Structures are given as C-alpha cells and as structure tokens.
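Colleague: my questions are about this predicted structure, shown below with the sequence.
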Number of protein chains: 2
Amino acid sequence: MEGFFQAESVAVVGVSNSPGNLGRFMAANLMEFQYQGYIHLVGPRGGAFFGHRIHRSVSDIDGRVDLATVLVPAPAVPGVLRECGEKGIGRVVVQSAGFRELGEDRAGLEEEVLKILEEYGMRMIGPNCLGVINRRNGLAVPFLPLKAGVPVGRVSVISQSGGVGATIINALEAENIGLSKFASIGNKLDVDEVDLLRYLVQDEETEIIYCYLEGISDGRKLMEVICGSKKTIIVHKSNNGRTGSAIARSHSASLSTDDLVVESALAQCGAIRVREIHQAMDCLKAFLLPAIRGNRLAVMSRSGGHAVITADAVEEYDFRLPAYPDEFIRFVQEHSRASVISFQNPLDLGDIYDVDLYAVLVEKTLARDDIDGMVFIHNYQGLFNVEESRALAIKLGGLLSTYRKPIAACIYTTKSELDDLNRKIDYPLFGDPREGVRALATVRDAATRRPLMLSSSRPENVDLKTAGSILDAMPPGPIPADKAAEVLAAYRIPLVPWKMVENLQDALHCANELGYPVVLKTARIDVIHKSDIGGVYLDIQDQPSLESAFRQLMQAGPPIMIQKMVPGGLEWLVGGRQDGNFGPVVVTGPGGIYVEVLRETVIRVGPVSTEEAGRMLDQCRGSVLMSGLRSRPSLDRTTLVDVLVRISWLLHDFPRVTEVDLNPVGVFEKGCLALDWRAFIGED
Amino acid sequence: MEGFFQAESVAVVGVSNSPGNLGRFMAANLMEFQYQGYIHLVGPRGGAFFGHRIHRSVSDIDGRVDLATVLVPAPAVPGVLRECGEKGIGRVVVQSAGFRELGEDRAGLEEEVLKILEEYGMRMIGPNCLGVINRRNGLAVPFLPLKAGVPVGRVSVISQSGGVGATIINALEAENIGLSKFASIGNKLDVDEVDLLRYLVQDEETEIIYCYLEGISDGRKLMEVICGSKKTIIVHKSNNGRTGSAIARSHSASLSTDDLVVESALAQCGAIRVREIHQAMDCLKAFLLPAIRGNRLAVMSRSGGHAVITADAVEEYDFRLPAYPDEFIRFVQEHSRASVISFQNPLDLGDIYDVDLYAVLVEKTLARDDIDGMVFIHNYQGLFNVEESRALAIKLGGLLSTYRKPIAACIYTTKSELDDLNRKIDYPLFGDPREGVRALATVRDAATRRPLMLSSSRPENVDLKTAGSILDAMPPGPIPADKAAEVLAAYRIPLVPWKMVENLQDALHCANELGYPVVLKTARIDVIHKSDIGGVYLDIQDQPSLESAFRQLMQAGPPIMIQKMVPGGLEWLVGGRQDGNFGPVVVTGPGGIYVEVLRETVIRVGPVSTEEAGRMLDQCRGSVLMSGLRSRPSLDRTTLVDVLVRISWLLHDFPRVTEVDLNPVGVFEKGCLALDWRAFIGED
C-alpha cells in the first residue's frame, strides 16, 4: 500500500481543457496540497494545464511513474490500465464510476479490470472512488476541488464513500484534529479496507484510524487486523437496514449485513463503533489526548451550570470525583473575589476573576497522584478576558504534554473567536462537557477491554467423524430431529433423554423406560414453533394421558418424539448461524417466552473460547437469574458456557449447517439440558 | 412578567468606574443591543459612564422607572430594593450572588427580600442570575459582556444558570436559530420558571420555549402549564444525580429530584426533554421548520454515501420513502451526465452537475401529495459551484414557505463558506442527515402524542372515610399488614384472601377456612424482602406442613399472616410514593424476580386516568406477557389498570402515605390479586 501514498511521480489520466472536466481538479489538488513529486497529465485531446503538457497517452510520458490516477468513462478504463501496465506503473487509483454499482451487467467490465491488474501485477484502489491523500507529502488526487485547510495530523481515514470522505475531511479541519492519510475505496474491486488497515496499523505517521464503511469485504480478516493492532480503530459502519442497502448497492456495490452481527463483531475485536461523524470526532479528540489511566476526574468550570452538567455526566459515565485537598481549597479561597461560591469538585471558578490563576489551579491538580484526568470549562464572550483566555488555552496545551494526563476542555466564546483560538492550539476542544466526559469514558473503557482472538482450540471429546458422516449425507433443508440430536451428541451437547416413537405401543414402552412424567411432541421438520400448533404435550403423568396425547399428535402426522419431562430449569437460548460476512456466529440470551420479552440476544463471531462465552452471559442482564438472586439457587453457568463454545465449533466445523437453535436449554443447579433443538442445512 | 421584557426605562444599579466593575457590562449590553428605552445608572460613587450620569441612589433618578437591575453585594440588596419600592419600580432583576446558594445561614437575607417585595408589590427575577434580554427592543442587562450577534428569532429561553444561558445564546447564534426573549432565573426566590412559562406561552413573539433547569419549583404547576400550552416547550433538566446535586445546591440553590420522575413527568405533560444543548438545537431547528404532517419523506443527496446514511436513519426512525414517480425519474435521467447512477428514493444527485436543477427537483417533490417532508444534502467545497450552491440554499428557503413542508437540509462545505451561507438564509441547517431525520421524528412524534391532564375523577366505590380513619390514627413508619390491607380494601383493590394468625390453632383453623394450599408469611413490619430471610412458606398443602412452617416462622416472632395460595398468575408490580417536587407518583412494571431482571418500571405523576394507566402498561415491554403471546392465555389488563388508578388516588388523597408497594400483584385470566403489600406513613 506504501506505493499509493509515497509515490514520487503521479500520472493524472483524464485531463482536458473542456469546461466541466473533473480530471483537472485532481491536478489542481496536487498543486493546492503542494505535492512534493512529479506530475504528469494525460488526456486524449492534449493541450496544457498548469503549465504542464497534457500527454495524449500514458505511454507518451517520459520517465518513471509510480502512481496513475484515472478518471475516464468506465468502458475506457481497461485500455488505460493496459497502458499503465505497459508503462510499468505499479499502483492505480480508478475514480471512474459506472461499474458493478450500476448493475450486475457491469460485472464483466470489473472482471476484465481484475485480469489486467493480475497480468501486470498492479494494485488498484477503486473504481468509483474519490481518490487518496497523503497530507504530509501533498499527494492529493480527489476529483473534488479541496482546500488544503485541514492541518497535518495523526488521524488516517479510509472511506468507502467519497462524499462522506470529503465531509470527514471538513470535520477534521473544523474540529482542529488534522489528517495524515486518506483513501476513498469505492467499489473495493482490488484493494479493500483490510489491505489499507494492515498498512495503516504499521504506518508510523498514523496514530488513529477512522474507517467509514458501507459494506465489509471479509469480516473475519477485518476482525483479525483490528484485534492484532494496538492502534485505536474507529469504525463508522452504515448501510444497516433494508432501505440503506438498496442505495448502497447502487452507490458502492455493497450488500448489507445484519447490523447486530456487525455491532457485536466490532466490539468483539476491540474496534470503536460509531454511527455519526460528530460522535466519531469526539472519540478522535479523546484518543488524541494523553490516555486516561484511571477513573478519577477533577472538574473546573467558570460557570456553575456547566459544573452541574459535568457532574451529571461524571456520574452517568461512572467516573469518580476525588475532593480537592484542603490546602488547595484554601489557596482558591484566598483568590476568591466575593466569596459567593463554596468550593468542591467540580470546582466553580465563577468567583475567581484572575484568569491567569486558572492554569495554576489546573497544574496543581494534574500534579496530583489521585487525579487521572480533568474536565475544564472556560467561558468568555470575546469582549473581556480575551488575551488572558487565549494565553490560558495555550498553557493548557503545555500542561497536557508535561503531565501526560487528558484534559477535556470546553471553551465557550463567540464563533469567530473560537475559530481563531483553534488555530492557536494543538489539542482539540469539546463542544459540551457531556461530550468530553463521554469521550473520556470511551477511552477508559477501551483500555480495560481486552479483545480475544477467535478460538483456535476445539473443545475436548468432539466426535467430528460421526457428525461429519451424518451431516455430509444430509440434503439441504431442516435436519430431522433425531439426526440433529445425534450431531449435537457428537459435540457432547447435553440433551434431555429422548426417543422417536412410531406407534402408541412404542410410546408407552419408551415412557416406561424414561419414567413418567414425559413430554410428547411433534418432530415434523416443517414446524418451527411447535407449541403454536398444539404440537407439544408437557408433563404427561400417566398412561391414559399419554394415549390421549399420542392420538391427538398423530392427527398432524408423524414423526413424534417422546422426552423425559425435566421441570424447574431456567429457560435459556443457545443458537447460531452462518453470516455472509463473518462466518459462524453464535447467539445466546434468555429463552422460551423471554426471547420475546427481554429481546436480549448476545452475538459473537465464532468459534468462541470459554472466556468469550462467559463474557456473552455477563452481557445478558437476564443472566442474573443464574446468580442466586433473592435466595434462589445458583445455576450451572459453567455447563451453559461449554454448550455455547461447542455450538460455535459445530458451526465453524460444518459451514453447511446454516442454523442451529437450542431453545430452550434448561439450566439447572447442576448441568444443562437442551429441551428442544432445530438445525438446518443450507443450499450448496 | 410583561414588565420585565417591555420596560421602557431601566435603572442599572451597581455601576462604577472602578476597574473590574461588572455593573458597567449591564449598561454596555443595553448599548450593544440598542435598547429602545431610557437608561439610568446608579452607583454610590457617582461619576459618569457612556455619557450618562451615575446617580448615587435610585431616588435621585428623575422620571418613571419600569425596571431596576441590581448588582450590588448581597447584604446591600435589601436597601436597594427598598429604594426601588419607594421609587415605585414594579420589576427588579437581582443579579447579586451570595444568598441561599452559599448556605442555609443566608436564608434570613432571602426572607427579608421577600418581605420587601411583598410590601411594595414588586416582582423580582433572581437573585444570583445573569439577567434578562428582549432581543426585539434591545433590553439586555446580563452582567457578562455580550455581542448582539444572535439574530432576532422566535425562540425564547429560560435558563436557571447564567453561564449555561450564555452558552445557549452562543449556540442560537452559531446555528442560525435566533432569539426572542431570554431570562436567567438563578435562585428563583420570587419569579420562577412557571411564572415565565405562563407569560411566554401567550407571548406572540415566542413560538418555541427552551428551558434549562437545575431544580423544579413546583412540578405539578409546571406540568399544568406545559400540558395546557400549544407551543413546543423543550426542557433541558440537569442536576440528575448525587454529585450534580451538591454542585447545584451551591450554585443555584436547587435540590435534585429523582430523574426518572422528572423524565416521566415531562413526557406525561408533552414537553420535549433534552440532555444536551446540541440535542436541543436540533429539536429547535426541526420545530422551526414547517411542521411535518405525516411519515413520508423524500431524500436527495449529492453524495451516495450520505444517501445511505440517511436511508439508515429513515428506517431507524420509522419514516417511509415513497418511490419517485416514473415521470420524475425520466426527467432526472434526461439531466444525468454520465448515467453512472441508478435512481430511487433516496435520490443520489451525484451524476447531475447542474446545481440549478436541484431546486427544480425539490419543488417537484414538495408539490407531491404523498410527500410530507424532505431531507436534502448538498456538498460543495467552496471552490466550485459556489454561486449556484448559494442560490440553491436561498431557493430552498423560498420553497419551505411556499409548500409549508419541512426540509431537513445539510450543506457540507468549508467552515467559512458555511458561516457566510448561514447569514444569507433564514432557516436552520443540520450538521448531519441523521440529526435531521431524528429531529423530524421528534416533531412527528410530538404531534401524535396527546398529553393527558392529571385525572380529576376519583374511581367509584372508594371508601374515603374508612381509609381516613385508619390512616389518621397511624403513627409515622411502616403500616401493619392488616391495617394496610384494610386501607387497600377501602380503595377496592383486590387482595388475596388473608388472615392474621396468633397461634398454631388459629393458623390451622384459618387454613381450613381458606382451603389448602395456603401461604404462611411473616407480617413483621420491619421486614422488607420477606423471602430473603426465609419469611415466606409457599404452597403449604396440608396440616403437618403448616405446623412445621408455623413453628419456623414463630422463631422470628409474630405477627404472622396466612393467605390462600393462588398460583399461576403473572407477577406484576404496582406501587407509588410521594415525590418532593411532583407529589404522588405511581409506578408499575414486571414484578417479583423480574423487577431486578427487566428493570422496567414506568412512572406517572398521579392521580392517573384509566387511559393514562393503560399507556403505562403499553410502555412496559413485559406487558406482552399479558397479551396472549405464544398460545398463552390473555390476562386481565383491565383490572390491573384499575388497580393502578386506585393506587394513584390513594397517594393523592393521603399525602401522609409516602410509599405503597403491591409486589407482586398476580394477574390472572380474570382478575388480579395483590399477593403482598407494604405501605408507609411519612414523618409529619
């Protein structure tokens, strides 16, 4: 990827002097950003632009070219790429639209492009993208005219959409955050977000990565890169619903994936998931500050009201507010003007008119061992205390680097004064103390979360061979209940004792063997909610009841299953399926009727380790029901965790199994038992 | 209140020429905002300022004075107020701090002030406040120097905190929203938010009210004013937790109230509750646009990515996206440049380079009967399409007023260009399409919600006399279970059959009368969670079990209660208490063990009507368990609603009853039964 950002010479293909030609903006951006390499312009009509000759073809260029950036009509792209290949250009950015995003009939054009890339060993970003920027060397080839206003910074951006990418650059400028590298990746025909992330996580000029995605190319690889990186990776994923999906397909050729899976997968691998640019900017600001290493904040505010607002946020986001030391309070009191304020943490500075003193108070506080970070709110209207306030803002920047502790600073003033101020300081300001506190909490929580890699050790005693021989013989569709039970048993998943019964005599015999009470239920594979159709008879106590139940069930036809009735367990759900982007995912939560009531399903990409499965249960509020609440007995969480792990491996080992559902699993004081189960083989 | 905002002459008390004098800023603001009335300055040292003589006393002023604004040390305030009274000044704003917010020892000073106000029939805003502004007549007396940058607008602001108030004014300017009237109310010793709201809801220059509060003076009056008003009232309430409360007490003398009660009460009366200024600004913007009258949006975006983001938001906030008509699509296609985009709703304008055409497309769309509002996203970098984009923005404003439908418009450009643009248009822009869609949803939902006044008709067959005679005789503390049962019975709340038993013989006799199975439980008033201490024996089937249970319970001492065992109901919670600000509140939600698991308590200020109580149950997700889900029987919601209504009246009728708890109430197919109850008399 290095070649895309460190190219020392660029060919801009698609430039002409006709009005409305967009290629010129690529060249203009290279000028605006003061590109430090050689620029070659190419366009079939020739001419000149910015004093450069417009070559009629790539082959007319003299000398080495590292990167070509191409904006020509889609059908002309393959020809241009061949020329680039012949010229020995190793990297191309294709901005042209008109590929798969217009419909599947354009897939042929994409295949042709891929073939050419392979033939010449070229790598391509695009098509249907805005281009790339390296803010440091001035390589900037978007076809949208930009101003080089965004400061050089430590944040790199990957954006699937060019328009959103441009908005992100605007926001990085407006919020005084800055930019290192930028890539708009469009249809991701060759280079995708994983390629770029792998580059950026080892790029020394990049500290934080902000990734806007509409589709995920390979969920598991994405997770692997994020999980293996020490850098903060913020993922802004849109295209979450049915409507967005239709637009995204026609815009960046992306299919949507279940957003619950995306949300879970990103949390699992340690990414910070955001849904709005504003939210992303707050996270970026907090991660650019020195990292917060604990939970103890000191708050100072020139306005009592903002102190109240901050105190609410501190409590909401679980920070602590250690008291200011007595000596410090005495010092503050000595400098207080009218003594019309009582002093505590948050500290209301409203009665201290000497703004120069504020930096002294901040420094005294940052120096304390029992303070991990600060929230500082200042307020001046641009008419009064202006010089002192500017000096204060600059001093806060110095204190940040001296003490290596974060200050979430809010400075309220007029808009124009704030713009000026932002240009003078090299750290970001927050728009609201709540936003500052929330962002500090995100940093704190990210530091304490320790993402786990996907599990690589299969649980013990899995009989892969038996499971495989049953599943391989299975046609697509629902798996018969007895076969599913055998597969589950091969994975050592505990099932309630069961038998298939063919006739009444059989049923009576099995009931005697299992011992009353028993359960009789339909085992028809086309029935999803058995109880909805009266297909389940629970708690059958004796032979006459069993006879009557059997006769009723036979009306709906065979097969019929008999089970031992095991009452009293907590009903839980364990299931999973194959996700198009992320592969096997495992799902758990309160089961039975509470699936609907609590709607608390927790998801992980599998296979999961015991530790990860334990985290899944921790995440369900309903799991307090297992913890011995209100003198109830504690239930066997350990076995339930093991069931989760085994189901995740079953889905991993057999991708043909597209769905498994154990609902409910009865969780008892000792052990668990799957009381009902369903599994499904997908179309090959 | 009119007198505070329409005063034709103002005395500014507390002005001197000494450096750091804050009184001068009050005068300076009157100049800056071009006050249209007479200004009189007062300060003991005399002198002149802005060419005005500084009178040594209020009594030295010649001619009528309508309003005095006072910033002198707190102990001097009573003297100044007397002077004002003698001068016949009817309205005073006291900015001075140093009253109750410093501690209860200053309460005497406040009482003195109140006495003077009463003596002279004056009304006062403050003390400890920033002052008032009327943007239209230039009456602006905050002691913080302001620039008159905020446009004249239709939003009026009440802010308890001066500092937050100033920030709100900055935000109204930055977001191009504008201001009508502003009042910072500080300690609210005389005039409070209810007085000002009553004025502003009938003020013709005010369309929307934004109210920042740290404490609520009279919750029920506040609800009454909001419920009775047709104007949009946005309430930003802080001071929600323990920490904030300590600060708020010392800042604006406000005590916190349970935030769940505040949240519920504000929703109940139809206020829009916000927690951040940014969120408030988005709501203000949406409410200032023509009201959305339905659920159907058309989206147009110059960037496909923003179209995807908007489509997600549209789905998340339950809007619909009707298709663009074929004729319209053909028109768009004719003007499409490279045909590299497929057209649908959201409409991606990225391929239409003629910006002038955008307004045509918007107008065609607003004219449609099946469209209730639009989201429009434009993108220009300030280097290209500048004139066309500015013209477009102005045209959108015209279309808004022509078609009386809202357009949530986002325009992405450089910061300086956006600032310029904002000055040219008279409608607000959104920073993100998600924020726009969310704000439109707030308007839509507010229009469909119909707040109900507190109930004024007591349910039938309440025996007030019996309840009163029991409760009046009760000392503070827990009410004995039998007495509580008699009070509940007087309110016709259905209880499980019960008896108090004194000895074993008694217990056996009662069990025979009630019929086995029975429940035996401790009735000790000091026990809150009976089952936690082994104080409940359920499902006692026979005499020997009863004997054993009785002996066990007697170890913990009498009294003991026996009840009929009534299994199989859904366990629900009905309760209530007296809130310091809002009076009787009633609480409901899933009961028993699910109080902890679901944490789904719904609150209302009482007394509630049957309709309001029904809404409470609708709001509990757990209430689906009553609705006949998964072939379970439907349960008797109607009786449960009636219990809620009756409990709310009990708390209303007897404020000495500070807590009632029916937990659980068993809800059956027919009827409900309170299975356990507790009630508490507060200290008088």
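Modeller: Looks like it came in fine.
Colleague: tell me, how many residues neighbour residue A:107?
Modeller: 12 (other C-beta atoms under 10 Å in any protein chain shown). In short, each C-beta sits where N, CA and C put it, glycine included.
Colleague: which helix or which strand is home to it?
Modeller: Using DSSP states H and E, the element containing residue A:107 is helix A:107-120.
Colleague: contacting residues for the closest residue to residue A:9 other than its chain neighbours?
Modeller: Leaving out its chain neighbours, the residue that sits closest to residue A:9 by C-beta to C-beta, 6 or more residues apart in numbering or on different chains is residue A:38, at 4.0 Å. Each residue near residue A:38 by C-beta atoms under 8 Å, 6 or more residues apart in numbering or on different chains is listed here: A:8, A:9, A:10, A:63.
Colleague: surely residue A:664 touches residue A:566?
Modeller: No - if you go by C-beta atoms under 8 Å, residue A:664 and residue A:566 don't touch, sitting 10.8 Å apart.
Colleague: who's in contact with residue A:668?
Modeller: A:566, A:568, A:569, A:570, A:635, A:636.
Colleague: my guess is residue A:292 meets residue A:442, correct?
Modeller: No - shown here, residue A:292 and residue A:442 do not form a contact pair, counting by C-beta under 8 Å, at 9.9 Å.
Colleague: give me phi/psi at residue A:62?
Modeller: Backbone torsions of residue A:62, given as degrees, to the nearest 10, read phi -90, psi 140.
Colleague: sheet partners, orientation included, of the helix or strand harbouring residue A:183?
Modeller: Secondary structure assignment for residue A:183, by DSSP H and E: strand A:181-184. Strand A:181-184 has its sheet partners listed here by DSSP bridges as strand A:132-134 (antiparallel), strand A:155-159 (parallel).
Colleague: need the ones you listed in TSV (columns: mean pLDDT).
Modeller: Compiled in TSV, those are given as follows (pLDDT from 0 to 100):
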stretch	mean pLDDT
strand A:132-134	98
strand A:155-159	98
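Colleague: want to throw those strands into CSV with mean neighbour count?
Modeller: Supplementary listing: the strands paired with strand A:181-184 in CSV, determined by neighbours: other C-beta atoms under 10 Å in any protein chain shown:
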stretch, mean neighbour count
strand A:132-134, 26
strand A:155-159, 27
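Colleague: about what we covered before: what lies in contact with the strand holding residue A:183?
Modeller: A:4-5, A:125, A:129-135, A:142, A:156-162, A:165, A:169, A:196, A:200, A:203, A:205-206.
Colleague: can you name the element that comes right after the one helix or strand in chain A whose mean pLDDT sits lowest?
Modeller: Least confident element among the helices and strands of chain A, by mean pLDDT, DSSP states H and E: helix A:242-252 (a mean of 65). Scanning forward in sequence from helix A:242-252 by DSSP H and E, the next helix or strand is helix A:259-269.
Colleague: may I see the buried residues of that following helix?
Modeller: Neighbour-count burial for helix A:259-269, with 16 or more other C-beta atoms under 10 Å in any protein chain shown as criterion, is recorded at A:259, A:261, A:262, A:264, A:265, A:266, A:267, A:268, A:269.
Colleague: same question for stretch A:81-89.
Modeller: Buried, per 16+ other C-beta under 10 Å, within stretch A:81-89: A:81, A:83, A:84, A:85, A:87, A:89.
Colleague: quick one, what contacts the second one?
Modeller: Contacts here follow C-beta under 8 Å, 6+ apart; on that basis residue A:83 touches A:57, A:58, A:59.
Colleague: report pLDDT for it.
Modeller: Note on residue A:83: pLDDT of 96.
Colleague: to which secondary structure element is it assigned?
Modeller: helix A:77-87.
Colleague: can you show me the CA trace of that helix as PDB?
Modeller: The C-alpha coordinates for helix A:77-87 follow below in PDB (Å, rounded to 0.1, in the frame of the first residue of the first chain):
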ATOM      1  CA  VAL A  77     -10.700   2.100 -18.100                       C
ATOM      2  CA  PRO A  78      -9.400  -1.300 -19.300                       C
ATOM      3  CA  GLY A  79      -7.500   0.400 -22.100                       C
ATOM      4  CA  VAL A  80      -5.900   3.000 -19.800                       C
ATOM      5  CA  LEU A  81      -5.000   0.300 -17.300                       C
ATOM      6  CA  ARG A  82      -3.200  -1.700 -20.100                       C
ATOM      7  CA  GLU A  83      -1.200   1.400 -21.000                       C
ATOM      8  CA  CYS A  84      -0.300   1.900 -17.300                       C
ATOM      9  CA  GLY A  85       0.800  -1.700 -17.100                       C
ATOM     10  CA  GLU A  86       2.900  -1.400 -20.200                       C
ATOM     11  CA  LYS A  87       4.500   1.700 -18.700                       C
END
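Colleague: helix or strand next in line after that helix, which one?
Modeller: Beyond helix A:77-87 toward the C-terminal end (DSSP H and E), the next one is strand A:91-94.
Colleague: of all pairs in the contacts of residue A:38, which one spans the longest distance?
Modeller: A:10 and A:63 (12.0 Å; C-beta to C-beta).
Colleague: quick one, which of these two is more surrounded?
Modeller: Each of residue A:10 and residue A:63 has its neighbours counted (other C-beta under 10 Å); residue A:10 has more, 26 against 7.
Colleague: I'd like the strands paired with strand A:181-184 as TSV, with distance to residue B:627 appended.
Modeller: As requested, those are exported to TSV (distance: least, C-beta to C-beta, whole Å):
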stretch	distance to residue B:627
strand A:132-134	56
strand A:155-159	45
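Colleague: on that earlier part again, which of the contacts of residue A:668 has the weakest pLDDT?
Modeller: residue A:568 (81).
Colleague: that's a helix at it, yeah?
Modeller: No - Residue A:568 is assigned coil when assessed by DSSP: H, G, I helix; E, B strand; the rest coil, not a helix.
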